[in-house]
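Colleague: Predicted coordinates and the sequence they were generated for:
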Amino acid sequence: MLVTLLLAVAGTLVVDLEPSAAPGLPAAVKITQVVTAPKTVDVGFVRNGKLVRVERVVPRGVAPRMHGLRELTQGPTREERARGLRTAIRPGVRLRSLRSGQGMWLANFSRSLFGPGSDQTVRTRLAQVTWTLSRLGGPQEYAAVSAEGRLATVLRLGVRPGAWHATEGEKRYLYSTRGIQLRLWQLGYLSGADVTGSLDYTTSQSLLAFQGWEDLSRTGTVTGETQIALATADRPRPRDRGAGRRVEIHRDLGVLLLIEEGEVFRAVHTSTGTGGITPSGSFRIYRKEIMSWSVPFSVWMPYAAYFVGGIATHQYPHVPEYPASHGCVRLPEGEAARVYRFVEIGTPVHVF
């Protein structure tokens with residue numbers, strides 16, 4: 001009886017005490033064992049061009065999220081193939097790593113995920129990956145998919161991927177320009193409206209800001225080291241995480257941060273004064289002019305916001321990847337107007 005009670009407390013038994021047929025005799029004990037259902041994950045395979053849910057049992061001690069994607073890369077069983085299930089993922093594809101953060105999955109596969117196959121085939125592979133990830137639950141809304149640690153694309157969960165248009169990068173690693181733009185948007189370097197699928201001026205400027213902040217070679221293009229950094233980067237963190245709005249200008253990195261309530265709202269490529277002529281220190285915006293005339297240099301400065309003497313943030317047609325101004329903080333077209341709207345008279349500006 002003591003063993004029975006201990007097992008009941010442990011949750012492995014259900015004990016039902018029934019009265020005996022005759023008075024004075026011990027009560028009959030009915031013992032029912034509780035069987036815990038095994039954990040399962042859903043995997044997305046293909047039948048007649050459509051995604052089909054297949055359930056897989058998760059072995060004890062194995063993380064469900066890892067097991068789901070590994071089962072996906074192994075493909076349907078012989079019995080499932082006999083029932084018409086197929087996969088677009090090539091044999092030999094391996095999951096290198098999977099982690100979550102910033103509301104998204106970061107999935108890293110072997111390079112063969114993007115191996116030989118038509119654009120439609122690669123699209124189906126990505127659809128299988130994102131569908132399987134979407135069935136894991138949790139707050140994740142996007143998935144960043146990498147090959148051997150190099151970002152290839154970013155996809156929204158629950159939405160079938162669009163057409164796969166690949167660009168060949170360094171060492172022939174493929175990437176989607178739209179996917180690169182989505183990643184820059186998530187990290188605060190680009191606006192959602194600028195996710196166009198085209199490597200345009202705005203995207204190039206955002207790449208310069210990202211490369212500067214991550215201490216990479218500043219090219220404004222999708223280099224190999226940029227793909228690697230994008231796969232695992234975090235949104236920039238300001239030095240000052242106080243309340244309210246403020247601006248940080250990091251001269252050596254060539255990056256201006258717009259900060260609100262301690263979080264980076266936007267990271268912008270900038271070019272400050274050559275030879276360190278832009279002073280470091282803490283200042284405040286004291287004057288704003290949509291179109292300001294520079295008397296010393298006889299040039300118009302659109303969206304000028306002055307923070308010390310005659311030095312201001314403003315739009316300029318040439319914003320190189322190195323300090324090149326006479327002291328002002330040059331900003332690209334589009335970004336200058338954003339900074340101008342963000343700041344007000346009295347907004348703190350910290351220059352490092």
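Modeller: That came through fine. Numbers count the residues shown, from 1 in each chain.
Colleague: Need phi/psi at E79.
Modeller: Note on E79: its backbone torsions stand at phi -70, psi -40 [degrees, to the nearest 10].
Colleague: neighbours around it, how many?
Modeller: Other residues near E79 come to 8 when the count uses other C-beta atoms under 10 Å. Yep, even glycine has a C-beta here, placed from its N, CA and C like the rest.
Colleague: Run through the residues that contact it.
Modeller: Applying C-beta atoms under 8 Å, 6 or more residues apart in numbering, we find E79 in contact with no residue.
Colleague: That one and W131, how far apart?
Modeller: Applying C-beta to C-beta, to the nearest Å, the value for E79 to W131 is 21 Å.
Colleague: which other helices and strands contact the helix or strand containing H67?
Modeller: Per DSSP states H and E, H67 falls inside helix 64-74. Applying 3 or more C-beta pairs under 8 Å, 6 or more residues apart in numbering; DSSP states H and E, we find helix 64-74 packed against strand 40-47, strand 50-57, strand 95-101, helix 119-134.
Colleague: hmm, try it at 10 Å
Modeller: Helix 64-74 is packed against strand 40-47, strand 50-57, strand 95-101, strand 104-109, helix 119-134, with contacts defined by 3 or more C-beta pairs under 10 Å, 6 or more residues apart in numbering; DSSP states H and E.
Colleague: how many neighbours does G158 have?
Modeller: 11.
Colleague: Rank the helices and strands of this structure by mean pLDDT and give me the bottom one.
Modeller: Each helix and strand of the chain was given a mean pLDDT (mean pLDDT, DSSP states H and E); the minimum falls on strand 13-18 at a mean of 34.
Colleague: Assumed H318 was part of a helix.
Modeller: No - applying DSSP: H, G, I helix; E, B strand; the rest coil, one finds H318 to be coil, outside a helix.
Colleague: Can you read off the pLDDT for it?
Modeller: If you check H318, the pLDDT there is 94.
Colleague: which residues sit in contact with it?
Modeller: Counting by C-beta atoms under 10 Å, 6 or more residues apart in numbering, H318 touches S271, A324, S325, R330, P332.
Colleague: and with 6 Å instead?
Modeller: Applying C-beta atoms under 6 Å, 6 or more residues apart in numbering to H318 gives no contacts.
Colleague: K39 contacts V57, doesn't it?
Modeller: No - the pair K39 / V57 is not scored as a contact, 7.3 Å apart, by C-beta atoms under 6 Å.
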